[in-house]
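In: The sequence isn't on hand, but the structure is:
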Ligand SMILES: NC(=O)C1=CN([C@@H]2O[C@H](COP(=O)(O)OP(=O)(O)OC[C@H]3O[C@@H](n4cnc5c(N)ncnc54)[C@H](OP(=O)(O)O)[C@@H]3O)[C@@H](O)[C@H]2O)C=CC1
Ligand SMILES: O=C(CO)COP(=O)(O)O
């Protein structure tokens, strides 16, 4: 299934970067991993790379893109972004930051329901690779697809990227709902209205609504909102149980991007006049400005409307 052996640089050796490195290695590629602490030779890792995958958390994207730009990369190299977050400085998505630093380079977003723990166990998963450059998306699809990681291509990168990013905030809300033990009906309502909120935001920002109903949208929402493996869900669950955010974070290993995405998303929504009631309540909760019960009451008491 895979193309010929390629040189693939993976930037970031957290849970997701290490898992992607494992998937690429399993396909026989020459894989080099960069990590700011354990393997800091970025220039060496980038040298001769045909595919460069960025899997750092959102906080690292801007500094990393700047550092990669300073070093320079081969003109034909494809940049792949696997980060799910929003930039608090310029309100950009990760691929928008990469594209701003590399205007002449092909940029691909990789996103889907991909809880890394399951993938590392060898369980099957699927995801989407999206780009304005169909050749680049197909190259990445061929390079990383396997019998346990099925990749679909898409020509809607903003839709695919926002699907993976926005669901983290909804996963926090659904975690709160479960932490409060509100039952299956409440959780289903929240997931569905959460998807509506994601589609509302996504379509205003240029995404195709059907993309958000796909793997990197509904698919990722289902994975993240139904699994204690999800760090975002666990943040919400802890808050729903009445724990303070500091304690919840101390109990979780790794990055829960939804915490950082919520305030940026609120800013974007305000700029565009998009109603985001669930995100609004999540942000109030994260700031300790409301309680789970009060947030729920406000969502239930909103003005009645058509679906
Ligand atoms: N884990 C998963 O299942 C999936 C995660 N993702 C997304 O991938 C991204 C990374 O997640 P994940 O690997 O799980 O998170 P982790 O917390 O496990 O790892 C984050 C990685 O980013 C690096 N990093 C953070 N800040 C910086 C910085 N300023 N400069 C350079 N490197 C930095 C960390 O380095 P250090 O260790 O030195 O702090 C670490 O290597 C997130 O956006 C996440 O939403 C997407 C799909 C699945
Ligand atoms: O994005 C993910 C699964 O697709 C990982 O979810 P968490 O970041 O909530 O653990």
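Out: Received, thanks. All values reported here derive from a predicted model rather than from experimental measurement. Residues are numbered from 1 along each chain as shown. Ligands and ions are numbered 1, 2, ... in the order given.
In: When you work out contacts or count neighbours from here on, use the C-alpha atoms and nothing else.
Out: Fine.
In: Against ligand 2, how distant is the closest residue to ligand 1 within the stretch 151-300 of the chain?
Out: The stretch 151-300 of the chain approaches ligand 1 most closely through residue 254 (3.4 Å), counting by C-alpha to the nearest ligand atom. Per C-alpha to the nearest ligand atom, to the nearest Å, residue 254 is found 8 Å from ligand 2.
In: any idea whether that residue is helix, strand or coil?
Out: At residue 254 the chain is in coil, as set by DSSP: H, G, I helix; E, B strand; the rest coil.
In: contacting residues for it?
Out: Contact analysis of residue 254 by C-alpha atoms under 8 Å, 6 or more residues apart in numbering lists 14, 15, 231.
In: Against ligand 1, which of these make the cut? List them.
Out: Among the contacts of residue 254, the residues within reach of ligand 1 (C-alpha under 6 Å from any ligand atom) are 14, 15.
In: filter the contacts of residue 254 to the buried ones?
Out: Among the contacts of residue 254, those scoring as buried are 15, 231 (criterion: 16 or more other C-alpha atoms under 10 Å).
In: In terms of distance to ligand 2, which of the contacts of residue 254 ranks first?
Out: Of those, the one sitting nearest to ligand 2 (C-alpha to the nearest ligand atom) turns out to be residue 231, at 3.9 Å.
In: and residue 108, that's in a helix?
Out: No: assessed with three-state DSSP, residue 108 is strand; it does not lie in a helix.
In: for the residue of the stretch 151-300 of the chain closest to ligand 1, phi and psi?
Out: Main-chain torsions, residue 254, degrees, to the nearest 10: phi 90, psi -170.
In: So which residues on the stretch 51-200 of the chain come close to ligand 2?
Out: Counting by C-alpha under 6 Å from any ligand atom, the residues of the stretch 51-200 of the chain near ligand 2 are 112, 113, 114, 115.
In: if you set the cut-off to 8 Å instead, what comes out?
Out: Neighbours of ligand 2 within the stretch 51-200 of the chain, by C-alpha under 8 Å from any ligand atom: 84, 111, 112, 113, 114, 115, 116, 164, 165, 168, 171.
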